[in-house]
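the sequence and its predicted three-dimensional model are supplied below.
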Amino acid sequence: MDPTSTASQNCSRIELTIWCRSLKNKDVTSKSDPMCILMLKNEENDKYEEIGRTERVENSLNPDFTTKMLLTYHFEIKQALQFCVYDCDEGLSNPKKADELGSLRVTLAEVVQGHLRNGRLLEESGNKQATLFVTARETVDCRQSYVFNFVGRKLDDKDFITKSDPFLVFHKRNSHDGFTPVGQTTVIRDDLNPNWPAFRINCATFCDNNPQLELKIDCYDHERDGKHDLIGTFYTTAAELTSQSSGKEFQLIHPKKKEKKSSYKNSGLIFLERHKLEEDWEFSHFVQAGLQLNFTVAIDYSASNAWEPKANGSTNNDSPIRTLNG
């Protein structure tokens, strides 16, 4: 069954947030670079199939993944999930070459009921305290995304020899009177006046499709050991971010610096240069709009290709039992 399908009335769209604590360190000179892959059991072939994966968090044994997993919860169907955590030193595309940090099999119903909110120990983790946390919340099926272009100016320098390596982390207010991370920009190296590449995020993921939902945006100085230094924070809403075409200015405030210094103003400025709203088109939309595809197959029967089963030099010799009929 398609995990993104909402054809049944007895179902709801679910967003999963994942984080881990006390993972085993598989590296020698640094810490593990964890990534989590979510798999759903296919009842037809009794195999677990990947339906999504988080980003790779560098040098962290306690990762807070910002990538959300979206799937459909069917009330009348048992949906078996498997969470697999890897140390991916070689990147996201090749988990088979990565070190396993543990896995956990549960049902989606357990996740929805909050059984993993307080964590559950990972199996075969190499560390008896390695724990996986997952929360689920109902969300809307939204086909639009925000695209933001942020720049920073006069950010605090948190490094001694070089300059700060700033990046932004976006959080939205949750129902537990806290904030949930939903995404982050790329890291800009050695720059106190960064121009971040365009940040694109689905409206439902960003703010539950509610422009008035409170958002928290943190600016950090990236550190290779995973202990990123906070430069400052500001609070806003999607409505405020999109209220004008460009030039919106926000002050980064560091809470501890503000408490210690009466003359403290800010730790830098963040400007929203541009923003836009884009449609999230899928293949079905193009088909419904009249897209036509043409498929052409050509088979070369020329004598130069030596169509003989025993001809080792033939380009057609890919099967020892192939014969030419007619």
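Received, thanks.

what's the helix or strand for Glu76?
Taking DSSP states H and E as the definition, Glu76 sits outside all helices and strands.

quick one: it from Asp229, how far?
49 Å (Cβ to Cβ, to the nearest Å). Using the backbone N, CA and C atoms, a C-beta is placed for each residue, glycine as well.

just for this structure, where's the confidence low?
Within the chain, the ranges that satisfy pLDDT under 70 run 1-9, 90-94, 245-246, 300-326.

got the residue ranges for the helices in it?
Here the chain has its helices, by DSSP state H, at 108-112, 203-207, 238-241, 255-260, 283-288.

which residues does the residue nearest the centre of the chain contact?
For the chain, Thr67 is the residue whose C-alpha lies nearest the centre (Cα atoms, centre = their mean; 2.5 Å). Applying Cβ atoms under 8 Å, 6 or more residues apart in numbering to Thr67 gives the contacts 52-55, 183.

please apply the same query to Leu23.
So Leu23 contacts 32, 34, 61-63, 85, 101-102, 122, 125, 127, 130 (Cβ under 8 Å, 6+ apart).

could I get these in a markdown table, plus columns for neighbour count and distance to Glu278?
Formatted as a markdown table, these follow (neighbours: other Cβ atoms under 10 Å; distance: Cβ to Cβ, whole Å):
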| residue | neighbour count | distance to Glu278 |
| --- | --- | --- |
| Ser32 | 26 | 35 |
| Pro34 | 29 | 31 |
| Leu61 | 20 | 37 |
| Asn62 | 14 | 34 |
| Pro63 | 26 | 29 |
| Val85 | 29 | 32 |
| Leu101 | 29 | 35 |
| Gly102 | 23 | 37 |
| Leu122 | 26 | 37 |
| Ser125 | 21 | 40 |
| Asn127 | 15 | 42 |
| Ala130 | 22 | 39 |
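
in strands, which of those appear?
If you go by DSSP state E, those have 34, 85, 101-102 in strands.

which one of these is nearest Lys248?
Pro34 (34.6 Å; Cβ to Cβ).

can you flag the buried ones in the contacts of Thr67?
52-54, 183 (16 or more other Cβ atoms under 10 Å).

which of those residues sits closest to Leu213?
Gly183 (14.4 Å).

just checking, the closest one touches Asp64?
No: the criterion here is Cβ atoms under 8 Å, and Gly183 misses it with Asp64 at 11.8 Å.

that older thread, looking at the helices of the chain, which is nearest to Asp190?
helix 255-260 (22.2 Å).

enumerate the positions of the closest one that are buried.
Going through helix 255-260 with 16+ other Cβ under 10 Å, nothing comes out buried.

need the contact partners of it.
When contacts are defined by Cβ under 8 Å, 6+ apart, helix 255-260 is touched by residues 233, 264, 267.

let me see the contact set for the second one.
Contact analysis of Tyr264 by Cβ under 8 Å, 6+ apart lists 257-258.

next, find the distance separating it from Pro255.
Distance from Tyr264 to Pro255, by Cβ to Cβ: 10 Å.

against Glu55, how distant is Thr186?
Taken as Cβ to Cβ, the span from Thr186 to Glu55 is 11 Å.

and what of Asn62?
As for Asn62, its distance to Glu55 is 15 Å (criterion: Cβ to Cβ).

could I get the full set of strands for the stretch 101-250 of the chain?
120-121, 131-138, 144-153, 166-173, 179-184, 199-202, 214-221, 229-237, 248-251 (DSSP state E, counting those that start in this stretch).

right, so those strands: which one is the most enclosed?
Of all the strands of the stretch 101-250 of the chain, strand 166-173 carries the top mean neighbour count, a mean of 22, counting by mean count of other Cβ atoms under 10 Å.

how is the protein carved up into domains?
11-138, 144-279, 296-326 (automatic domain parsing).

which ones are touching the closest residue to Cys36 other than its chain neighbours?
Leaving aside its sequence neighbours, Cys36 sits nearest to Thr54 (Cβ to Cβ, 6 or more residues apart in numbering; 4.6 Å). Thr54 makes contact with 18, 35-37, 65-67, 69, according to Cβ under 8 Å, 6+ apart.

7 Å - rerun?
18, 35-36, 65, 67 (Cβ atoms under 7 Å, 6 or more residues apart in numbering).

make a markdown table out of these and add distance to Asp165.
As requested, the contacts of Thr54 are exported to a markdown table (distance: Cβ to Cβ, whole Å):
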| residue | distance to Asp165 |
| --- | --- |
| Ile18 | 25 |
| Met35 | 21 |
| Cys36 | 24 |
| Phe65 | 20 |
| Thr67 | 21 |
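
which members of those are the farthest-apart pair?
Ile18 and Met35 (10.4 Å).

surely Phe234 meets Asp218?
No: Phe234 lies out of contact with Asp218 (Cβ atoms under 7 Å); the separation is 8.6 Å.

residue contacts, Phe271?
Going by Cβ under 7 Å, 6+ apart, Phe271 touches 150-151, 153, 247-249.

repeat that for 10 Å
149-153, 195, 246-250 (Cβ atoms under 10 Å, 6 or more residues apart in numbering).

next: His176.
117, 135.

hmm, back to that, Val111: which of the contacts of Thr54 is nearest?
Ile18 (9.9 Å).
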